[in-house]
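Q: Sequence and computational prediction follow.
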Amino acid sequence: MTSLIYHNPDCGTSRNTLAIMQASKEPLEVVEYLKTPPSRERLCDLIAMMAIAPRELLRRKGTPFDELGLDDPALSDDALIDAMLEHPILINRPIVVTAKGARLCRPSERVFGLLATPVARYTKEDGEVVAAKDHVDV
């Protein structure tokens, strides 16, 4: 299976996750989700695969989260999904899908547990060294 990353090249966490995947020699498809947002069906599938609530996928920083009042607990899952579809920047990233499952990879080293043959160690952009052996949970 080709692994998939929903990626934002302006995000350091997303860049680190992608780099770990590339260093691990994973067959890879990169979707820049701000240019090519997922459909409603695909977004709902991703949320189900990650076994999270739509609210857990919302990004607050650098988004219209506050202006849209998305912290209102009365908002339904459908309303939150509608907001993410209308404003894809609200979708937190990176989301990675592999044969082992799907997850939001924040922090980036969460990707290790999804990879078939993860690179043993990786140095992130900020100089932090992370090791696969410390992050193999899925």
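A: Yes, it's here. Residues are numbered from 1 along each chain as shown.
Q: Pull the contacting residues for Pro9.
A: Arg15, Glu32 (C-beta atoms under 8 Å, 6 or more residues apart in numbering). C-beta coordinates here come from the backbone N, C-alpha and C atoms, glycine included.
Q: how far away is it from Tyr122?
A: 18 Å (C-beta to C-beta, to the nearest Å).
Q: and the residue of the chain most remote from its centre, what pLDDT?
A: Distance to the chain centre peaks in the chain at Ala74, reaching 25.2 Å (criterion: C-alpha atoms, centre = their mean). Per-residue confidence (pLDDT) for Ala74: 97.
Q: What of Val136?
A: 68.
Q: For Leu4, which non-adjacent residue is closest in space?
A: Val97 (4.4 Å; C-beta to C-beta, 6 or more residues apart in numbering).
Q: Go ahead and confirm the one you found touches Thr2.
A: No - between Val97 and Thr2 there is no contact under C-beta atoms under 8 Å: 9.4 Å.
Q: More neighbours: the two, which one.
A: Shown here are Val97 and Thr2; by other C-beta atoms under 10 Å, Val97 has more neighbours (21 against 10).
Q: who touches the more buried one in this structure?
A: Ser3, Leu4, Ile5, Leu46, Met49.
Q: From the residues you listed, keep the buried residues only.
A: Ser3, Leu4, Ile5, Leu46 (16 or more other C-beta atoms under 10 Å).
Q: for the first one, phi and psi?
A: Backbone torsions of Ser3, given as degrees, to the nearest 10, read phi -70, psi 160.
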